[in-house]
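Student: Fold the following.
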Amino acid sequence: MHASVIPQVCPRCRFEPETFVNNCPQCGQVILSPKRVRVLGWVMFWCGAILTVGMVWLSLVMARTIAHSDDPGATTHFTGDANDVKETFAIFGMVFLFGIVAIVTGVWQVWHGRQNLKLVGFVMFLGILLLAAASLAQYVM
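Tutor: Numbering: from 1, shown residues only. This is a model prediction of the structure:
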């Protein structure tokens with residue numbers, strides 16, 4: 001799609017300027033071009049995909065390690081208790097969810113050529129939640 005077909009929309013006040021501008025004439029907010037938003041959408045998509053695939057792989061490896069820790073001749077052992085398993089997989093699940101939401105947000109931005117503030121806000125919220133969980137985990141463990 002050509003950039004002139006997609007109207008610019010101010011992410012703050014939702015104003016749609018007649019011509020392409022860098023800042024909203026109504027509120028002064030920076031307005032990204034549809035091309036720039038699409039590029040950022042692809043970045044978000046691939047980051048989310050890498051996180052999602054990584055968490056699936058890591059969860060499978062961790063589950064196998066836990067399941068076979070007591071096997072004779074096992075080269076890896078999980079020494080935690082049931083609560084450690086729950087906390088670990090809860091954090092893995094949060095990272096997985098963050099990746100899925102990043103994928104959805106990236107696809108939305110690539111498809112529409114503009115940001116969806118609700119999805120972007122949700123990604124930011126999950127990111128902050130993950131940072132908080134990681135900070136707490138280092139004190140608990």
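
Student: Next, the buried residues of the longest helix belonging to the chain.
Tutor: In the chain, taking DSSP state H as the definition, the longest helix is helix 34-67. Buried positions in helix 34-67, judged by neighbour count with 16 or more other C-beta atoms under 10 Å: 34, 37-38, 40-41, 44-45, 47-48, 51-52, 55, 59, 66. For glycine as for every other residue, the C-beta is placed from the backbone atoms N, C-alpha and C.

Student: One more: stretch 101-115?
Tutor: 101-110, 112-115.

Student: now what about that stretch, what contacts it?
Tutor: Contacts to stretch 101-115, defined as C-beta atoms under 8 Å, 6 or more residues apart in numbering, come from residues 1, 3, 6, 8-9, 11, 32, 34-35, 37-38, 40-49, 51-52, 116, 119-120, 122-123, 126.

Student: try 7 Å
Tutor: Defining contact as C-beta atoms under 7 Å, 6 or more residues apart in numbering, one finds that stretch 101-115 is touched by 1, 6, 9, 11, 34, 37-38, 40-42, 44-45, 47-49, 51-52, 116, 119-120, 122-123, 126.

Student: For this structure, which segments count as helices?
Tutor: Counting by DSSP H, the helices of the chain are 34-67, 82-112, 117-140.

Student: can you count the residues close to the closest residue in space to C24 that isn't next to it in sequence?
Tutor: Setting aside the residues directly before and after it, C24 is nearest to C10 in space (C-beta to C-beta, 6 or more residues apart in numbering), at 3.9 Å. With neighbours defined by other C-beta atoms under 10 Å, the count for C10 comes to 20.

Student: Distance check, C10 against A132.
Tutor: 31 Å (C-beta to C-beta, to the nearest Å).

Student: do the same with A82
Tutor: Counting by C-beta to C-beta - A82 and A132 are separated by 23 Å.
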